[in-house]
Structures are given as C-alpha cells and as structure tokens.
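Asker: Below: sequence and its predicted model.
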Amino acid sequence: MRVSLFLLLVIGVVLVTTEFPALSAEKDGRKAEMKRLLPLKVEDYKTDGKDEFYDRQTTFRYMDGAAELYRSYAFKLLLVRRYLKSGHPSLLVELFDMGSSEDAFGIFSYQTEEEEVGIGQGSDYGGGLLRFWKGNYFANIFAERETPATRKDILTLGEAIAKNIKKKGSKPKLIQFLPEEGLSQGTIRYFHLHQVLNHHYFISHDNILNLGARTNAIFATYPFSGEKSKTFLLLIQYPDQKQSEKTFKSFVKAYIPEADSSVAIRIENNKWTKAQLHKQYVIVVFDAPDNGKTEELIKITQTHLERRRP
C-alpha cells in the first residue's frame with residue numbers, strides 16, 4: 001500500500017517533536033552541570049555574567065580551525081566564561097566536556113611541555129596558560145595579559161574548578177601495555193585520527209594506518225640513556241582483528257615495502273623500524289638506535305597485551 005507524502009511528513013514531524021525535547025533536555029542538563037563547576041567568584045575576580053556555550057556544530061564560530069582538534073575526540077560541549085577584577089587583566093576559562101575521561105586525557109596529552117602544577121588529574125602551566133583535565137573535563141585558563149600576579153590568580157581559579165569536579169576519570173587502558181622502562185611519561189599521546197599522529201610524528205599525508213573514530217592509539221617516547229635521539233612506540237587498537245590484519249599488511253607495503261614483516265629494518269635515517277601485528281593491535285617502533293631495542297619494545301608490548309588483557 002502506498003503511503004501518502006502527507007502521512008510521511010506527519011510521521012517525520014512526530015519523530016522530530018518526540019526526539020528533540022530529549023536531546024534538548026540532555027544538553028540543558030550538561031549546561032547546568034558545567035555552569036555549576038565554574039565558581040561565580042574567586043577572591044576578587046567575578047564572572048561578567050556572559051557565559052557562552054558551543055557544541056560540535058557551533059564550536060567553529062569560537063575557535064575556527066582549532067575546532068577540528070577537539071572534534072577528533074568525543075567532544076560534547078564547551079563553556080566559555082570570563083572573570084573580571086578591577087585594575088587587573090581579565091581571566092578566560094574554556095571548559096570542555098570531552099564525553100569521556102579517556103578523551104579528556106587525550107586532548108590534554110596533545111601538548112604537555114610545560115610545568116606540572118598539581119591541579120586536577122594532570123596539569124600543564126606556562127606562558128600564562130593553565131591546562132588541566134579531571135573526569136570527563138578538560139580546561140584552559142589564561143589571562144588577557146600576563147603580569148607577575150596572573151600566575152597566582154590563574155592557579156587559584158584552576159584549583160577551585162578542579163575541586164568542584166568531584167568524579168575522577170580513568171586514563172586510556174592502552175597505556176598499561178606500554179613498556180615502562182625508559183618511558184617518558186610526559187610524552188604519552190592518546191588519539192584517534194591520523195592528523196593528530198602526523199602532528200607528533202609524520203607518517204604520510206594518506207591515512208595508511210586506517211585511523212578513525214573507532215580506533216584508539218597511543219604514541220610514546222623512549223629517550224634511552226646514552227642515546228641523543230629518541231625512539232617512538234605506536235600502539236593502535238582496532239575494532240576487530242580483521243581490520244588490524246588488513247591495516248598491518250597495507251601499512252608495511254606502503255611504509256616499509258622492502259621489509260620482511262617479521263624483522264626490523266634500518267631506514268634512511270640509519271635508525272630501526274618495525275611493525276608487528278598482535279590480534280586486534282598493531283605495534284610500530286620508529287627510530288630505534290639498534291635492532292635489539294626495536295625487538296625489545298615490541299616483545300614487551302606483546303607480553304603486556306597477553307598478560308594485562310583489556
């Protein structure tokens with residue numbers, strides 16, 4: 001029986017009107033929770049009362065090109081609030097609901113090169129900018145103009161916000177599989193897309209590792225004692241073994257076509273590289289000083305994957 005166009009339109013309207021309130025209520029709930037996390041006053045700083053919210057669709061209006069970085073994670077909502085104090089530069093807070101604690105850590109890990117100041121579950125302060133994560137949240141706090149007093153003001157505000165976030169989160173489970181010896185903890189990066197990997201270590205303009213929203217990846221640095229250069233380890237978890245096997249074959253063919261997939265190979269920079277398939281995981285070591293270190297990192301990672309099952 002043919003359904004009339006009018007009936008289809010009516011059904012569509014009913015679906016929209018029944019689904020939209022639920023989505024709206026969820027977003028309103030997120031907004032209310034985020035507003036609660038930011039204090040109205042910290043010492044002599046007071047909010048200007050002009051909170052701004054941005055979601056995945058509208059965040060481009062606020063941060064233009066940088067929005068893609070946050071959207072590469074499970075980012076849900078951004079709250080922007082400005083604090084004013086007479087005779088002092090204003091402070092700006094950007095509080096992101098990242099959808100999960102793993103992705104809150106992930107966006108924090110994108111750049112951790114400054115001073116750890118003990119705020120939240122991980123923090124980074126430098127140049128008048130405080131970055132920290134806790135639970136599902138990631139925050140940037142910075143001054144409109146840096147002065148000798150702004151560091152104290154920024155850290156005080158950050159501590160107040162972190163205290164209001166009651167629930168702690170977990171770091172990505174992939175971290176437990178990394179070899180501990182020689183690992184530089186501050187260099188651990190967690191991500192999903194190949195653009196982020198290329199920022200840390202350029203592989204290819206093409207997505208030859210088939211990274212996407214359903215892949216989880218860890219990139220870590222090993223500055224081995226006595227070596228001037230750094231060795232890197234990449235661990236990727238795919239949704240299933242079929243995808244990891246397909247990716248492993250295509251990656252070896254594209255990146256190290258001259259290599260036997262079972263052994264490490266010395267590349268143009270005179271360093272060693274090896275890729276290894278392990279069930280639904282692909283492990284890659286880049287720039288190792290010798291074949292021994294390459295094999296050691298691969299073997300330890302595989303052992304951890306076996307013994308510390310996800």
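Answerer: Perfect, I can see it now. Numbers count the residues shown, from 1 in each chain.
Asker: Look up which residues are beta-bridged to the residue nearest to Leu129 when sequence neighbours are not counted.
Answerer: Closest residue to Leu129 apart from its sequence neighbours, by Cβ to Cβ, 6 or more residues apart in numbering: Phe142 at 4.4 Å. From N, CA and C alone the C-beta is placed, and that goes for glycine too. Phe142 has these beta-bridge partners by DSSP bridges: Leu92, Leu129.
Asker: give the contact list for Phe142.
Answerer: Phe142 makes contacts with Leu91, Leu92, Gly128, Leu129, Leu130, Ile154, as judged by Cβ atoms under 8 Å, 6 or more residues apart in numbering.
Asker: What segments of the protein are strands?
Answerer: Applying DSSP state E to the chain gives strands spanning 41-42, 45-47, 52-55, 77-85, 88-97, 122-126, 129-134, 137-143, 189-191, 216-222, 231-237, 265-266, 272-278, 281-288.
Asker: Tell me, how many residues neighbour Pro148?
Answerer: By the criterion of other Cβ atoms under 10 Å, Pro148 has 6 neighbours.
Asker: whoops, I mixed them up, Glu94
Answerer: Neighbour count of Glu94, defined by other Cβ under 10 Å: 19.
Asker: Leu79 and Leu92 touch, don't they?
Answerer: No - with contact defined as Cβ atoms under 8 Å, Leu79 does not reach Leu92; the gap is 11.3 Å.
Asker: which residues sit against stretch 220-234?
Answerer: If you take Cβ under 8 Å, 6+ apart as the criterion, stretch 220-234 is touched by 178-179, 182-184, 187-189, 197, 201, 217-219, 271, 282-289, 293, 297, 301.
Asker: what mean pLDDT does stretch 250-257 have?
Answerer: What stretch 250-257 shows for mean pLDDT is 90.
Asker: Please spell out which residues along it are buried.
Answerer: By neighbour count on 16 or more other Cβ atoms under 10 Å, the buried set for stretch 250-257 is Phe251, Val252, Tyr255, Ile256.
Asker: List the contacts of Thr215.
Answerer: When contacts are counted by Cβ under 8 Å, 6+ apart, Thr215 touches His192, Ile236, Gln237, Tyr238, Pro239.
Asker: what's the nearest residue to the fourth one if we skip its chain neighbours?
Answerer: Residue nearest to Tyr238 in three dimensions, not counting chain neighbours: Ser244, with 4.1 Å by Cβ to Cβ, 6+ apart.
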